[in-house]
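[1] next come a sequence and a model predicted from it.
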Amino acid sequence: MFESPVTKMTVFITVIASFFICLSIFFNNYFDERTKIVFCNVGQGDAAYIRIKNKIDVLIDAGPDKSILSCLGKYMPFWDRKIELAFLSHPNNDHYNGYFFITDRYQIDKFITIDTLDLVVSKTYKKLLKKISEKNIPVFYKISGDKIKAEDGVFTIYWPSINFTSNNDNDFSSVILFNGVLFTGDASPFVLGRLSHGAIKKVDILKVPHHGSKNGLTKKFLDLADPEVAVISAGKSNSYGHPSKEVLDMLKAKSVKVRRTDVEGDIVFELTR
């Protein structure tokens, strides 16, 4: 009989080496205090995960389905099951459906969204609010001027404004600035026009509104925000044709670097401030 080329000593050394490699990876991640932002690839929808100083977990929207769980499983530490801040820009199902799955897997400390008193919302969204209530998750409604501190970061709400009314639900979409990154949900040209009077200044990263739809980003707002990078969250070969050629051409004309979830998958940034 031939002797196996794999000896007990080889197996032992391999196991020990693997253990120390895993331990090294664990400690590198555990002591890494850089703030990370992940624009999750959730198909035709929006979801961004933020890990602040390796301590605070934040979500801004949760996508259309349970694919958000894959993103959290990949980037959120396995030992951490708590999301301190969960934002919902507005009650469109491609932004909120993922929260049905998240509330079953994670503890949420605060759910932050817009007041829908003046909006006709779906039965599905009402079901989500009911589930959030049953889980005893506090709900906070935020408007322009409000700020939420998290470690050394600040979430500044620029929209919606107080007493604002509209028949278009996208007109209520939250616009949130965090450490040089501007999240715009599905903000419409009307909203961007209201914000183009000095409220928004230059940003580092712009999450392009409404998945790059031609009914979102405007040239005037792009000139004002003047980002280095634009992120477009859209589904591969989606039926809406997002992102539109008009928006892509607009970004190209200003030499803005474009990154797309439908092309790259998850998009990760590590903030230096």
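    Received the coordinates, thanks.
[2] now stretch 135-152, how far from the centre of its chain.
    Counting by C-alpha atoms, centre = their mean, to the nearest Å, stretch 135-152 is centred 15 Å from the centre of its parent chain.
[3] what does it rub up against?
    For stretch 135-152, contacts defined as C-beta atoms under 8 Å, 6 or more residues apart in numbering pick out 52-53, 55-56, 58, 84-86, 103, 108-115, 129, 132-133, 154-162, 174, 199. Yep, even glycine has a C-beta here, placed from its N, CA and C like the rest.
[4] would you mind listing the buried residues in that stretch?
    Of the residues in stretch 135-152, I137, K142, I143, S144, I148, A150 count as buried by neighbour count, 16 or more other C-beta atoms under 10 Å.
[5] what is the most widely separated pair among the residues you listed?
    I137 and S144 (23.7 Å; C-beta to C-beta).
[6] what sits against S237?
    Per C-beta under 8 Å, 6+ apart, neighbours of S237: D262.
[7] can you rerun that using 6 Å?
    Contacts of S237 were listed using C-beta atoms under 6 Å, 6 or more residues apart in numbering, and none were found.
[8] how is it assigned, secondary-structure-wise?
    coil (DSSP: H, G, I helix; E, B strand; the rest coil).
[9] roughly how far apart are it and Y125?
    Here S237 is placed at a distance of 27 Å from Y125 (C-beta to C-beta, to the nearest Å).
[10] same question, V175
    Counting by C-beta to C-beta, the gap from V175 to Y125 is 20 Å.
[11] of these two, who's got more company?
    V175 (24 against 20; other C-beta atoms under 10 Å).
[12] bridged to the more buried one, which residues?
    W159 (DSSP bridges).
[13] which parts of the stretch 151-273 of the chain are helices?
    Counting by DSSP state H, counting those that start in this stretch, the stretch 151-273 of the chain has helices at residues 189-194, 219-225, 245-253, 261-264.
[14] phi, psi of F87?
    phi -90, psi 150 (degrees, to the nearest 10).
[15] how many other residues sit next to it?
    27.
[16] bridging residues for it?
    Beta-bridge partners of F87, as defined by DSSP bridges: I60, I112.
[17] cool, I267 as well?
    Beta-bridge partners, per DSSP bridges, of I267: F39.
[18] in the helix or strand E84 falls within, what's buried?
    Per DSSP states H and E, E84 falls inside strand 82-87. Of the residues in strand 82-87, I83, E84, L85, A86, F87 count as buried by neighbour count, 16+ other C-beta under 10 Å.
[19] could you point out the helix or strand that follows it?
    Immediately after strand 82-87, counting by DSSP H and E, sits helix 93-96.
[20] could you look up the next helix or strand downstream of that following helix?
    helix 98-105.
[21] let me see the mean pLDDT of that next one.
    If you average the pLDDT over helix 98-105, you get 98.
[22] quick one, strands of this structure?
    Counting by DSSP state E, the segments of the chain that form strands are 35-39, 47-52, 56-62, 82-87, 107-113, 139-141, 147-150, 153-159, 175-178, 181-183, 205-207, 229-232, 257-260, 267-271.
[23] turn those strands into JSON lines, including distance to N93.
    Formatted as JSON lines, the strands of the chain follow (distance: least, C-beta to C-beta, whole Å):
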{"stretch": "strand 35-39", "distance to N93": "19"}
{"stretch": "strand 47-52", "distance to N93": "13"}
{"stretch": "strand 56-62", "distance to N93": "10"}
{"stretch": "strand 82-87", "distance to N93": "16"}
{"stretch": "strand 107-113", "distance to N93": "14"}
{"stretch": "strand 139-141", "distance to N93": "18"}
{"stretch": "strand 147-150", "distance to N93": "25"}
{"stretch": "strand 153-159", "distance to N93": "21"}
{"stretch": "strand 175-178", "distance to N93": "20"}
{"stretch": "strand 181-183", "distance to N93": "18"}
{"stretch": "strand 205-207", "distance to N93": "19"}
{"stretch": "strand 229-232", "distance to N93": "19"}
{"stretch": "strand 257-260", "distance to N93": "22"}
{"stretch": "strand 267-271", "distance to N93": "22"}
